[in-house]
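*Asks:* Sequence below, structure please.
(one chain, ligands or ions: 1)
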Amino acid sequence: MLRGRFITLEGLDGSGKTTQLKRLAVWMKKRGTTPVVTRQPGGTATGDRIRDLLLDSRSERLAPLAEMALMFADRAQAIAEVIEPALSSGKAVLCDRFTDSTEAYQGGGRELGSDPVLAMHRVFCGGLQPDLTLLLLPSLQASLERARRRNDRVIAQSGKDEGRFEREQEDFYRRVWNKYCEIAARDAHRVVCVEGDLNIDEVHQQIIEAVSVRIFEATNG
Ligand code: TYD
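*Replies:* Model prediction:
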């Protein structure tokens, strides 16, 4: 059995990742490859509980190292329960965020640096790497505005305040942004960057081009 392909989507809060992930899943399905879709943090029952802990604005005193450890606890569970079983049974996996998020947010944003993140990745994820990472990088300003609007909507609809990250200062996001750029330059063989303030269709187009070339054509020949 041929191992499935592992695709991750990355970007700042409000970069439009989730919309693009859904569209990509539909496109892949039409091509005869129905992916397993998951997200981090979350995606398993244990992971959803970790997610609530992490994203709730009330966890304000969470130490950066504790935050990083929880991200990896969530990820280890997702790999064991969802990702690895799917890949080894030949299914493609589409994952909304993976270790690049930890490197960008905890390594960059929280200034823990890349080294502890990469070391934990080796231990907790057994070095599992995506075959392709789609990094959405609209301008920082556009991303921040979208994230704020979305957070206000979530609070209004559910009363659930997931806005701890969105409330961080702009320089936090700038550090996250810079770290993402660093990762893209370092891991250019796996990371495809979709840059600029493009509309949803334009981003989707670039994504399916990358997936066609790097996943489908690579698999077929
Ligand atoms: P989520 O609501 O899933 O946001 P988005 O739709 O933008 O992905 O929230 C995930 C938040 O968690 C987001 O602010 C990024 C952050 N995060 C980290 O800080 N480190 C990580 O390793 C991961 C996976 C997410």
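
*Asks:* can we go C-alpha only for contacts and neighbour counts from here?
*Replies:* Will do.

*Asks:* Now do the host helix or strand of R51: which elements does it pack against?
*Replies:* Assessed by DSSP states H and E, R51 sits inside helix 45-55. Secondary-structure packing of helix 45-55 (3 or more C-alpha pairs under 8 Å, 6 or more residues apart in numbering; DSSP states H and E): helix 64-78.

*Asks:* what pLDDT, on average, does the longest helix belonging to the chain get?
*Replies:* When the chain is parsed with DSSP state H, its longest helix is helix 140-158. Helix 140-158 comes out with an average pLDDT of 74.

*Asks:* Would you mark the buried spots in the helix holding R51?
*Replies:* G47, D48, I50, R51, D52, L53, L54, L55 (16 or more other C-alpha atoms under 10 Å).

*Asks:* hmm, back to that, can you give the distance from the longest helix of the chain to the centre of its chain?
*Replies:* Remark: helix 140-158 is offset 18 Å from the chain centroid, using C-alpha atoms, centre = their mean, to the nearest Å.

*Asks:* Whether it contacts the ligand - can you check?
*Replies:* No: residues of helix 140-158 are not located near the ligand by C-alpha under 6 Å from any ligand atom, the shortest gap being 7.4 Å.

*Asks:* Beyond that helix, next helix or strand please.
*Replies:* helix 170-186.

*Asks:* Identify all contacting residues around that following helix.
*Replies:* 11-12, 100, 103-105, 107-110, 135, 140, 191-193 (C-alpha atoms under 8 Å, 6 or more residues apart in numbering).

*Asks:* low-scoring stretches of this structure, by residue?
*Replies:* 57-58, 147, 151, 160-169, 219-221 (pLDDT under 70).

*Asks:* Show me which residues of it are close to the ligand?
*Replies:* Going by C-alpha under 6 Å from any ligand atom, the residues of the chain near the ligand are 13-14, 40-41, 71, 97-99, 101-102, 105-106, 165.

*Asks:* again, 5 Å this time
*Replies:* D13, Q40, P41, S101, T102, Y105, F165 (C-alpha under 5 Å from any ligand atom).

*Asks:* Checking the fifth one next. Helix, strand or coil?
*Replies:* Classification of T102 using DSSP: H, G, I helix; E, B strand; the rest coil returns helix.

*Asks:* Could you report the neighbour count for it?
*Replies:* Number of residues near T102 (other C-alpha atoms under 10 Å) recorded here: 24.

*Asks:* my guess is it meets A119, correct?
*Replies:* No: look at T102 against A119 with C-alpha atoms under 8 Å: they stay out of range, at 11.8 Å.

*Asks:* give the contact list for the nearest residue to Q129 once chain neighbours are set aside.
*Replies:* Leaving aside its chain neighbours, Q129 sits nearest to F6 (7.8 Å; criterion: C-alpha to C-alpha, 6 or more residues apart in numbering). Residues in contact with F6 (C-alpha under 8 Å, 6+ apart) are L87, A92, V93, L94, C95, Q129, P130, D131, L132.

*Asks:* For F6, give me phi and psi.
*Replies:* phi -110, psi 110 (degrees, to the nearest 10).

*Asks:* follow-up on the earlier one: just the contacts of F6: which are in helices?
*Replies:* Among the contacts of F6, DSSP H puts L87 in helices.

*Asks:* Could you give me the ChimeraX syntax to select whichever of the contacts of F6 are buried?
*Replies:* Buried subset of the contacts of F6, written as a ChimeraX selection, criterion 16+ other C-alpha under 10 Å:
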select :87,92,93,94,95,129,130,132
